[in-house]
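> Pasting the sequence and the predicted model now:
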Amino acid sequence: MKPGCHPTRFGRGLARMLAMALMGLWWAVAVADAFDDIRQRGELIVGVKKDVPLWGQADPRTGQLTGLEPDLAALLAQRLGVRLRLVGLLSAERQQSLEQRQVDLLIATLSDTPQRRQVMTLVTPHYYGSGVNILARKTSRFEHWRDLRDRRVCGRRGAFYNRSITVSHGIDVVALYSNELALEALRDGRCDALLYDDTNIVAMLQDPAWSREYTMPLETLMFAPWAIALHRQEEGGKLASLVSQQVVEWHRAGTLLELERRWGIPNSAFVKRMHEAWGRRAGDGFHCGTQLSARTPRDCL
């Protein structure tokens, strides 16, 4: 035996190498199976919101889930050539539904945050974006975020900005289980304001039933892009690649702008910027390229 050669040490090293190889093989199979399973079962299962008007809401008469994000889910299913099954979710249910494989992916007003990237695969480019603001009665006359101190502000459980707003502005955020409960508390006067995504507030204020008495009075804070989310094991897989390519096509073709108009949502600055960037010509090709890569310009992200 050569000096320095120890069978037990060599055996342990070999065992570690084999374990790593098997883990890599398992990972590759898991990634491949997600896309293939959808094709084999002939059905794409998508989690969408069920309590956000215009974005994802259950029709009180039929129970059908409708909105801009269910429409995006339908486009993805069409691209895959399979039927679509929608699952209505509240904000607090999104992560668990993905982790337990109850859905294949989420299109559910999900903001891209570092914390969420640790537990799920967030696909880029982003398809939408929003910041945080408040919906309040006009008679409240809020002018600054500091005016909300010592006032009762409602929010919804699972919103990423609840903790940050509490820490940075000293606001007492009462996080309720659903958006419907938070809106009910605002209407009943149990809360002085509703902490919510600014894009959703803008959409709500298109309805005279809200705009007569309510307003979005403050400067929007904490802009964050929205991402389609997959299980954390899907990173780098075929499903993630297909979804990314589909989002690129939506931006280039102006699909998101058209869906905003269809649902009565004012065209957002983010969607207009992304449409211009991905549709811009450069020589014989496109400024942003045809798909996301390490060479994609920053203004396309």
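Here it is on my side, so go on. Residues are numbered from 1 along each chain as shown.
> What's the local residue count around the nearest residue to residue 176 once chain neighbours are set aside?
On the basis of Cβ to Cβ, 6 or more residues apart in numbering, the spatially nearest residue to residue 176 that is not a chain neighbour turns out to be residue 182, at 4.7 Å. Where C-beta positions appear, they are placed from N, C-alpha and C, glycine not excepted. By the criterion of other Cβ atoms under 10 Å, residue 182 has 26 neighbours.
> State the mean pLDDT of the helix or strand hosting residue 182.
Secondary-structure assignment from DSSP states H and E places residue 182 in helix 179-187. The pLDDT scores in helix 179-187 average 93.
> next structured bit after it?
Next along from helix 179-187, by DSSP H and E: strand 193-197.
> pLDDT on the following helix or strand past that next one, on average?
Next in sequence after strand 193-197, counting helices and strands by DSSP H and E, comes helix 198-204. Averaging pLDDT along helix 198-204 yields 89.
> In the helix or strand following helix 198-204, which residues are buried?
Using DSSP H and E, the helix or strand that follows helix 198-204 towards the C-terminus is helix 208-211. Within helix 208-211, the residues that qualify as buried are residue 210, counting by 16 or more other Cβ atoms under 10 Å.
> Remind me what the helix or strand following helix 208-211 packs against, helices and strands.
Sequence-wise, the next helix or strand downstream of helix 208-211 (DSSP H and E) is strand 214-215. Packing partners of strand 214-215 (3 or more Cβ pairs under 8 Å, 6 or more residues apart in numbering; DSSP states H and E): strand 120-137.
> Could you give me the buried positions within the strand it packs on?
120-130, 132-137.
> tell me the contacts of the residue nearest to residue 176?
154-156, 176, 191, 194, 196 (Cβ atoms under 8 Å, 6 or more residues apart in numbering).
> cutoff 7 Å now
154-156, 176, 194 (Cβ atoms under 7 Å, 6 or more residues apart in numbering).
> of the residues you listed, closest to residue 46?
Of all these, residue 46 sits closest to residue 156, with 20.5 Å by Cβ to Cβ.
> So for residue 158, what's the pLDDT?
86.
> Same check on residue 51?
89.
> Check residue 11 too.
51.
> which residue packs closest to the residue positioned nearest the centre of the chain, ignoring adjacent ones?
Relative to the mean C-alpha position of the chain, the nearest C-alpha, by Cα atoms, centre = their mean, is the one of residue 110, at 2.3 Å. Among residues not flanking residue 110 along the chain, residue 229 sits closest, at 5.4 Å (Cβ to Cβ, 6+ apart).
> what do you get for residue 213?
residue 137 (5.8 Å).
> gap between that neighbour and residue 150?
17 Å (Cβ to Cβ, to the nearest Å).
> so where's the chain shaky on pLDDT?
1-33 (pLDDT under 70).
> Please repeat the previous calculation with a cut-off of 50.
2, 5, 9-10, 14, 17-18, 20-32 (pLDDT under 50).
> For it, just list every one of the helices.
7-41, 68-80, 94-99, 114-117, 161-169, 179-187, 198-204, 208-211, 238-253, 255-262, 269-279 (DSSP state H).
> For residue 51, find the nearest of these.
helix 179-187 (4.2 Å).
> what about the closest one, distance to the chain center?
22 Å (Cα atoms, centre = their mean, to the nearest Å).
> swap in stretch 93-108?
That offset, for stretch 93-108, works out to 11 Å (Cα atoms, centre = their mean).
> Okay, now that stretch: how far is its last residue from its first?
11 Å (Cα to Cα, to the nearest Å).
> List the buried residues for that stretch?
Neighbour-count burial for stretch 93-108 [16+ other Cβ under 10 Å]: 93-95, 97-98, 103-108.
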